[in-house]
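Undergrad: Here is my input; please provide its structure:
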Amino acid sequence: MDYTMEQYQASAQAVRERLGAFAPKVAMVLGSGLGYLGDEVEAPIAIDYKDIPHFKASTAPGHKGRLVFGVLEGRNVAVMQGRMHHYEGYSYEEASYAVRVLRLLGCDTLIVTNAAGCVNTQWKAGDLMLITDQIKMFSESPLRGENLPGFGVRFPDASHLYTPRLRELARQTAEELGIPLREGVYFYCYGPQYETPAEVRAARLLGGDAVGMSTAPEVVVAGHCGMEVLGLTLLSNMAAGILDQPLSEQEVLDAAAAAREKFSGLVRACLGKM
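TA: Numbering: from 1, shown residues only. As a prediction, this is how the structure comes out:
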């Protein structure tokens, strides 16, 4: 469906009424098994998606489906504990709807996290990856349809969707913390089925280092409306065909739990420097 500016504004106004004088500056979209950062927010104000006009429900495992507003590392944040995916039956516009609402609420920076399959055979499951770019070619854009000039131009540039300044900040922060940080390209696939071994080989040939079912739509929308973006991936498993074993969502959640300390530490430290 094509949302109107009035609908985005209605969603923002409903949230604003719950927030009072609080104004978020950094939006955070947390992926599978990584929503615990929302539980660490100080003076939290939690709002379920179902209580916000025009929002959709998040049904993926490990996603709570709520926004948490408050303070984290001295920054006013809006944390999405769970995201909407195209594979849940949502259009790309619906899947990225919340980003525009958060922009209207005052967020000028977006931190996106996800758990993804590792395509690069030189790396291993459990590594963290700084997203330098993304590939999303064979699907509709969340910007399809009438352009809303209040957010951005009709044909936005996508040269630096992941902000170079924030990428450098993440590199320096990881080095200070002694956390090895890979750097690579996130390859978006629709899901919900995991990719075939042939698709993983194709992703590798096209330049992908990790493959997943989220993030790309939200980042396109964030770029369109002028937000700076930092993207971090937990390589939760080796992608299909690299190891002789089936993939499962439990494997993803277990990997997220195992990486909790280093992942949380890196994200929080980066946030504190913004």
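Undergrad: Show me what the lowest-mean-pLDDT helix or strand in the chain is packed up against.
TA: Within the chain, judged by mean pLDDT, DSSP states H and E, the helix or strand with the poorest mean is helix 249-258; its value is a mean of 76. Using 3 or more C-beta pairs under 8 Å, 6 or more residues apart in numbering; DSSP states H and E, the elements in contact with helix 249-258 are strand 109-118, strand 228-238. Any C-beta I mention is one placed from the backbone N, CA and C, and that applies to glycine too.
Undergrad: now what about the helix or strand following that helix, what contacts it?
TA: Next in sequence after helix 249-258, counting helices and strands by DSSP states H and E, comes helix 260-273. With contact meaning C-beta atoms under 8 Å, 6 or more residues apart in numbering, helix 260-273 is reached by 26, 28, 34, 36-37, 40, 72-75, 77, 111, 113, 128, 166, 169-170, 173-174, 176-177, 179, 181, 230, 232, 234, 256.
Undergrad: go on, stretch 9-27?
TA: Contacts with stretch 9-27, where a contact means C-beta under 8 Å, 6+ apart, come from 45, 47, 51-55, 67, 69-70, 75-80, 97, 99, 101-111, 227, 271, 274.
Undergrad: from the residues you listed, which ones fall inside strands?
TA: Members of the contacts of stretch 9-27 lying in strands (criterion: DSSP state E): 45, 47, 67, 69-70, 75-80, 109-111.
Undergrad: Take those and lay them out in JSON lines including distance to residue 217.
TA: Below are the ones in strands among the contacts of stretch 9-27 laid out as JSON lines (distance: C-beta to C-beta, whole Å):
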{"residue": "45", "distance to residue 217": "26"}
{"residue": "47", "distance to residue 217": "22"}
{"residue": "67", "distance to residue 217": "18"}
{"residue": "69", "distance to residue 217": "23"}
{"residue": "70", "distance to residue 217": "26"}
{"residue": "75", "distance to residue 217": "25"}
{"residue": "76", "distance to residue 217": "25"}
{"residue": "77", "distance to residue 217": "21"}
{"residue": "78", "distance to residue 217": "18"}
{"residue": "79", "distance to residue 217": "19"}
{"residue": "80", "distance to residue 217": "13"}
{"residue": "109", "distance to residue 217": "18"}
{"residue": "110", "distance to residue 217": "12"}
{"residue": "111", "distance to residue 217": "16"}
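Undergrad: which residues does residue 47 contact?
TA: Here residue 47 is in contact with 15, 18, 66, 67, 68, 69 (criterion: C-beta under 8 Å, 6+ apart).
Undergrad: from what I can see residue 256 touches residue 236, true?
TA: Yes: with contacts defined as C-beta atoms under 8 Å, residue 256 counts as touching residue 236 at a distance of 6.4 Å.
Undergrad: Among the two, which residue is more densely surrounded?
TA: Comparing residue 256 with residue 236 by neighbour count (other C-beta atoms under 10 Å), the higher total belongs to residue 236, at 29 against 22.
Undergrad: State the pLDDT value of that one.
TA: We have a pLDDT of 88 for residue 236.
Undergrad: Could I get the contacting residues of it?
TA: Contacts for residue 236 were tallied using C-beta under 8 Å, 6+ apart; they are 32, 33, 115, 116, 117, 125, 126, 251, 252, 255, 256.
Undergrad: residue contacts, residue 105?
TA: 12, 15, 16, 19, 23, 24, 78.
Undergrad: Can you give me the neighbour number for the fifth one?
TA: Residue 23 sits with 13 neighbouring residues when counted by other C-beta under 10 Å.
Undergrad: hang on, the earlier thing: in the least confident helix or strand of the chain, which residues are buried?
TA: 249, 251, 252, 253, 255, 256 (16 or more other C-beta atoms under 10 Å).
Undergrad: ditto for stretch 204-223
TA: Those would be 204, 208-223, for stretch 204-223 by 16+ other C-beta under 10 Å.
Undergrad: And the most far-flung residue of the chain relative to its centre, what's its pLDDT?
TA: For the chain, the largest distance from the centre (C-alpha atoms, centre = their mean) belongs to residue 244, which lies 29.1 Å off. Note on residue 244: pLDDT of 70.
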